[in-house]
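A.B. asks: below are the sequence and a predicted model for it; my questions follow.
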Amino acid sequence: MRNIVSAILFVALSGATCAASAQDNWTGWYMGGQLGHANANASTSAALGGAWSSESAPLQSEVVTGLTRDLDANGTTYGLFGGYNHQFASGFVLGFELGYDQINADEAVSTGLQPTTAFPSLEYDFQHAIELNHQTTLRTRLGYASDRHLFYVSGGWTQVDIDASTGMVSNGGYKKLGMISKRANGTQWGVGYEYDFGNRWSLRGEYLRTNTGSFHYDTDYLPGSSFTSPVYSESIKQDLDVDTFQLGVSYRF
């Protein structure tokens, strides 16, 4: 995908001196490709239930702390987009855009067995992981055009494929794991700048903020786990925000 974007950019730059009837007017259909970097922050909280109520408050607090960890998943993004703009006589531009991106952002961490303060002989290993895959967006763009320069803001709906998991293992054989794979709906807003080369090709840079809201999942016992009766339960809640910086090239029809 990087090679494709580079090739398109080369063509746009090499033909910047060519004349075009659509110069200095952004009205029309367009499509293009983009490449960027995503930084996803998953804010995690946990709640205990079931037989945990019979355990001491200090131990419950340490387990909640171990299950609560924020994750930062960084990686590249690339994709395609297409849309339509209408430029008014005042210079304002209104449009809509549909985009699809592949996100290669993930993080997985493990604490290793660590003794608890409440009971030093009791050790826990907490594991956390998150991975972002595909993202689809449908957004509006509102901007102002000045000659070949377009400054704009955007906002709309997005859908992100998320895989997340949280687990814990003790030296006493307590083994739990919670997992979720979901297509999360959310919102996306951002700001951008686009430059028209004058030959129907344009180059743009954007900052986008994605929020998927909260999602929840519970842990389950793994085979061979101890303390299965009475039942201990752990509930995980995560909030995901994604910051994306990207460059794109497009062609207006």
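C.D. replies: Structure's in. What do you need?

A.B. asks: what are the ranges of the strands in the stretch 101-250 of the chain?
C.D. replies: 114-115, 123-146, 149-170, 175-196, 201-218, 220-221, 232-252 (DSSP state E, counting those that start in this stretch).

A.B. asks: any idea which of those gets closest to residue 91?
C.D. replies: strand 123-146 (5.2 Å; Cβ to Cβ). Placement of C-beta: from N, CA and C, glycine included.

A.B. asks: partner strands of the closest one, parallel or antiparallel?
C.D. replies: Here strand 123-146 is paired, per DSSP bridges, with strand 92-110 (antiparallel), strand 114-115 (antiparallel), strand 149-170 (antiparallel).

A.B. asks: off-centre distance for the last one?
C.D. replies: Averaging C-alpha positions (Cα atoms, centre = their mean, to the nearest Å) puts strand 149-170 3 Å from its chain's average.

A.B. asks: show me the contacts for residue 112.
C.D. replies: residue 125 (Cβ atoms under 8 Å, 6 or more residues apart in numbering).

A.B. asks: of the strands paired with strand 123-146, which is nearest residue 241?
C.D. replies: strand 149-170 (10.9 Å).

A.B. asks: separation between residue 233 and residue 89?
C.D. replies: 63 Å (Cβ to Cβ, to the nearest Å).

A.B. asks: and those two? which has more neighbours close in?
C.D. replies: residue 233 (16 against 5; other Cβ atoms under 10 Å).

A.B. asks: mind saving the C-alpha coords of stretch 155-162 as CSV?
C.D. replies: Extracted in CSV, the C-alpha atoms of stretch 155-162 (Å, rounded to 0.1, in the frame of the first residue of the first chain):
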residue,chain,number,x,y,z
GLY,A,155,-17.1,14.5,11.8
GLY,A,156,-19.3,11.5,11.6
TRP,A,157,-19.8,7.8,12.3
THR,A,158,-17.2,5.1,12.5
GLN,A,159,-17.0,1.3,13.1
VAL,A,160,-13.8,-0.4,14.4
ASP,A,161,-13.0,-4.1,14.7
ILE,A,162,-11.5,-4.7,18.2
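
A.B. asks: tell me the buried residues in that stretch?
C.D. replies: 156, 158, 159, 160, 161, 162 (16 or more other Cβ atoms under 10 Å).

A.B. asks: any regions of the protein where pLDDT drops low?
C.D. replies: 1-24 (pLDDT under 70).
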